[in-house]
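**Student:** build me a model:
(one chain, ligands or ions: 1)
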Amino acid sequence: MASETSPYTLPLQGKVAIVTGSSRGIGASIAFELARRGAKVTIVYTSPKSETLANDVVFKIASLGNGSQAITVQADLGQVDAGEKIVAATLQAFGDSIDILVNNAGVLFDRSIHDTTAEDYAAIFDVNVRGPLLMTKAVAPRLKAPGRVINVSSVGARCGFEKLAIYSSSKAALEGLTRGLAAELGGDGTTVNAVAPGPTESDMLEDVPKDIVEIQLKMTPVQHRYGAADDIAQVVAWLAGEESRWISGQTISASGGYAML
Ligand SMILES: NC(=O)c1ccc[n+]([C@@H]2O[C@H](COP(=O)([O-])OP(=O)(O)OC[C@H]3O[C@@H](n4cnc5c(N)ncnc54)[C@H](OP(=O)(O)O)[C@@H]3O)[C@@H](O)[C@H]2O)c1
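**Tutor:** Numbers count the residues shown, from 1 in each chain. Just a heads-up that it's a prediction; the model follows:
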């Protein structure tokens, strides 16, 4: 029988993880699942009103009583210095290296091309693409080999939906970034992958046009349901572990079969 501290019960024990956008939704579930597997986690959020939610995630992690811990950092990933701030807080709390980076924070943009400005484009790409790029750049010098970088994309990266061109193209760019960084960082065993959720219960899902979500549900072979945040967290946590060591540069569709890549 496995002991409390065996690699089977706590496979991420001793690991340090950063999860962006982990005050709520998919990111909160990812942070909790990494902690449930033993990791120490930095919870990143941006809105002042999410401070309580972020603290709730820390409390839930502390309640696990398995040696994992969490801290919160408020940072806007649309700002170029956010990555440095998050890394500094993580090192101060947890030691001199980082094992796992989950670039989960993202913003939806639902507007036709006629109503889209250059400023809109920059704002979305700054968070959804430049954010993960600069976050990875800030973590890379402290990433302990073999590191794990996991980017949260979307099935939208490979679909064409009205009014979602900017969002979809930002996620397509994130998948390209995933492949490029996988090639660049793999020498020491580090892997870089993306997980692409289908429609998943969260605040963001409320803002996706209902006609699109209905089509997606009909086309989801597994139970014709929305994903739960934990459905995505399980895939991310597996990629964060040792068993996924031979997978890199991939995008895994976590969508109940909606998108068969
Ligand atoms: N839900 C879906 O159906 C679905 C489907 C496909 C892909 N995804 C992707 O999955 C990821 C998580 O989505 P979700 O549904 O959980 O979203 P959500 O419920 O809207 O939560 C978004 C999270 O990102 C954070 N965030 C947003 N902008 C940020 C910024 N500029 N700087 C730092 N943090 C920021 C938010 O922080 P605050 O709480 O402080 O605002 C929050 O923690 C996103 O990348 C999204 O594109 C979601």
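
**Student:** check which helix or strand Gly147 maps to.
**Tutor:** Using DSSP states H and E, the element containing Gly147 is strand 143-152.

**Student:** tell me which residues of that strand are tucked away?
**Tutor:** Across strand 143-152, burial judged by 16 or more other CB atoms under 10 Å covers 143-144, 147-152. Yep, even glycine has a C-beta here, placed from its N, CA and C like the rest.

**Student:** now, which of these sits nearest Ala28?
**Tutor:** Nearest to Ala28 out of the buried residues of strand 143-152 is Val152 (CB to CB; 12.5 Å).

**Student:** any idea how far that closest one is from His114?
**Tutor:** Counting by CB to CB, to the nearest Å, the gap between Val152 and His114 amounts to 29 Å.

**Student:** before we move on, what about Lys85?
**Tutor:** Distance check for Lys85 against His114: by CB to CB, it reads 37 Å.

**Student:** give me the more crowded residue out of the two.
**Tutor:** In this view Lys85 and His114 are compared by other CB atoms under 10 Å, and Lys85 has more residues nearby, 16 against 6.

**Student:** name the nearest residue to the more buried one, ignoring sequence neighbours.
**Tutor:** Ala75 (5.1 Å; CB to CB, 6 or more residues apart in numbering).

**Student:** over to that neighbour: give its phi and psi.
**Tutor:** Main-chain torsions, Ala75, degrees, to the nearest 10: phi -160, psi 150.

**Student:** just checking, it touches Ala88?
**Tutor:** No: if you go by CB atoms under 8 Å, Ala75 and Ala88 don't touch, sitting 10.4 Å apart.

**Student:** of the two, who's got more company?
**Tutor:** Neighbour tally, Ala75 and Ala88, criterion other CB under 10 Å: the higher count belongs to Ala75, 20 against 12.

**Student:** so who does that one touch?
**Tutor:** Taking CB atoms under 8 Å, 6 or more residues apart in numbering, we find Ala75 in contact with 44, 46, 82, 85-86.

**Student:** of all those, which comes closest to the ligand?
**Tutor:** The ligand lies nearest to Thr46 out of the contacts of Ala75, by CB to the nearest ligand atom, at 3.6 Å.

**Student:** how about that closest one, what does it touch?
**Tutor:** By CB under 8 Å, 6+ apart, the contact set of Thr46 is 74-77, 105.

**Student:** where do the helices sit along the protein?
**Tutor:** Ranges of helices in the chain, per DSSP state H, are 25-36, 51-62, 82-94, 118-125, 131-139, 165-185, 203-206, 210-218, 229-240.

**Student:** and the longest one, what's buried?
**Tutor:** To tie it back to what came earlier, the one meant is helix 165-185. 165-175, 177-179, 181-182, 185.

**Student:** quick one: closest of the helices of the chain to Asp110.
**Tutor:** helix 165-185 (7.2 Å).

**Student:** now the chain, which segments are flagged as low pLDDT?
**Tutor:** Within the chain, the ranges that satisfy pLDDT under 70 run 1-8.

**Student:** show me which residues of it sit near the ligand.
**Tutor:** Residues of the chain lying close to the ligand (CB under 6 Å from any ligand atom) are 20-27, 44-47, 50, 75-78, 104-107, 127, 152, 154, 197, 199-200, 202-205.

**Student:** appreciated, that's everything.
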